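Enquirer: Predicted coordinates and the sequence they were generated for:
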Amino acid sequence: QVQLVESGGGLVQAGGSLRLSCAASGSIASITAMGWYRQAPGEQRELVAAIISSEHTNYADSVKGRFTISRDDAKNTVYLQMNSLKPEDTAVYYCNADVTYYSSMSYHTGEYWGQGTQVTVSS
């Protein structure tokens, strides 16, 4: 009933920038928290940034001051602006959202993940 589709990954040199987007679609009534996670080879998936509103955001210490998360509720979309990228930022980035959707004449809430987008930062 709900899909998250990421875009914007790619290859960039150290010091460069990328902007990730994640659009949610389906019979969505509302979205509370949205976030970005990443997983490097051989590592556990970790939280990069999360947002409930522009006043309520959370960042991993490793990206504070370099990454900015934002959302457009009219488009059910969350963004991650990544500046001053480092080789250690290389990972698959996943979008996550807590979604309330309408199905079978009632509302349901679930946590959804995107398929992931590769970000590679060369030194």
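Expert: Yep, that arrived. Numbering: from 1, shown residues only.
Enquirer: what pairs with S103 across the strands?
Expert: Assessed by DSSP bridges, S103 has beta-bridge partners S106.
Enquirer: List the buried residues in stretch 68-75.
Expert: T68, I69, R71 (16 or more other Cβ atoms under 10 Å). To be clear about C-beta, it is placed using only N, CA and C from the backbone, and glycine gets the same treatment.
Enquirer: Now do the end-to-end distance for stretch 113-123.
Expert: Separation of the first and last residues of stretch 113-123 by Cα to Cα, to the nearest Å is 30 Å.
Enquirer: ignore the last one, stretch 36-46
Expert: Start-to-end span of stretch 36-46 (Cα to Cα) is 9 Å.
Enquirer: can you list the residues that contact that stretch?
Expert: Residues outside stretch 36-46 that contact it (Cβ atoms under 8 Å, 6 or more residues apart in numbering): 20, 22, 47-50, 60, 69, 78, 80, 89-96, 116, 119.
Enquirer: Mean confidence (pLDDT) on that stretch, please.
Expert: Predicted confidence along stretch 36-46 averages 97 (mean pLDDT).
Enquirer: mind listing what's buried in it?
Expert: W36, Y37, R38.
Enquirer: Quick check on the second one: phi, psi?
Expert: Looking back up the chat, that one is Y37. Main-chain torsions, Y37, degrees, to the nearest 10: phi -120, psi 160.
Enquirer: follow-up on the earlier one: show me just the buried residues among the contacts of stretch 36-46.
Expert: So, by 16+ other Cβ under 10 Å, the buried ones in the contacts of stretch 36-46 are 20, 22, 48-50, 69, 78, 80, 89-96, 116, 119.
Enquirer: rewinding a little: from the buried residues of stretch 68-75, which single one is nearest L85?
Expert: Closest to L85 out of the buried residues of stretch 68-75 is T68 (13.0 Å), distances taken as Cβ to Cβ.
Enquirer: does that closest one really touch S54, like I thought?
Expert: No - using Cβ atoms under 8 Å, T68 is not in contact with S54; the gap is 10.5 Å.
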